[in-house]
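[1] All I have is the shape, not the residue letters:
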């Protein structure tokens with residue numbers, strides 16, 4: 001696998017991950033908008049509490065997402081720095097070893113990012129189920 005192919009695979013995986021998050025947020029947003037404010041049995045106080053929790057949840061989610069992106073960018077910078085060191089390779093073995101290190105770093109970055117996102121989705125779902133059960 002060439003360096004270009006590794007970066008392209010990493011880019012595609014990152015885009016796919018971002019798209020999944022956007023679709024999930026889109027679905028939640030559409031569900032929020034589909035609840036009429038004067039729904040039978042729903043008090044204005046309950047709606048205000050729900051809106052407050054939604055704001056807290058959204059703010060927390062965006063903050064977590066920002067931290068995740070920061071981490072991903074730090075990793076990408078490290079990978080780029082390693083990629084530029086390829087030109088310093090003196091032997092084919094040095095070159096191969098550096099490429100292998102790059103591949104491992106990209107894989108670990110993607111794996112960590114994916115696991116982190118999955119955990120955040122799970123935490124979010126648990127929080128909302130808890131909010132709805134208490135309501």
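    Good, I have the coordinates. Just so it is clear, the structure is predicted and the values come from calculations on it, not from any experiment.

[2] what does stretch 12-25 contact?
    Residues from elsewhere that reach stretch 12-25, judged by C-beta atoms under 8 Å, 6 or more residues apart in numbering: 61, 65, 72, 110, 113-114, 117, 121. Where you see a C-beta, it was placed from the backbone N, CA and C, and this is true even at glycine.

[3] Just flag the most distant two among these.
    Spanning the widest gap among the contacts of stretch 12-25 are 61 and 110, at 21.0 Å by C-beta to C-beta.

[4] Could you look up the SS state of the residue nearest the centre of the chain?
    Nearest to the geometric centre of the chain sits residue 117, at 4.6 Å (C-alpha atoms, centre = their mean). Of the three states, residue 117 takes helix under DSSP: H, G, I helix; E, B strand; the rest coil.

[5] Can you get me a residue count around the residue nearest to it when sequence neighbours are not counted?
    Nearest residue to residue 117, sequence neighbours excluded (C-beta to C-beta, 6 or more residues apart in numbering): residue 17, at 6.0 Å. A count of nearby residues for residue 17, using other C-beta atoms under 10 Å, gives 18.

[6] does residue 17 sit in a helix or strand, and which one?
    Under the criterion of DSSP states H and E, residue 17 resides in helix 3-33.
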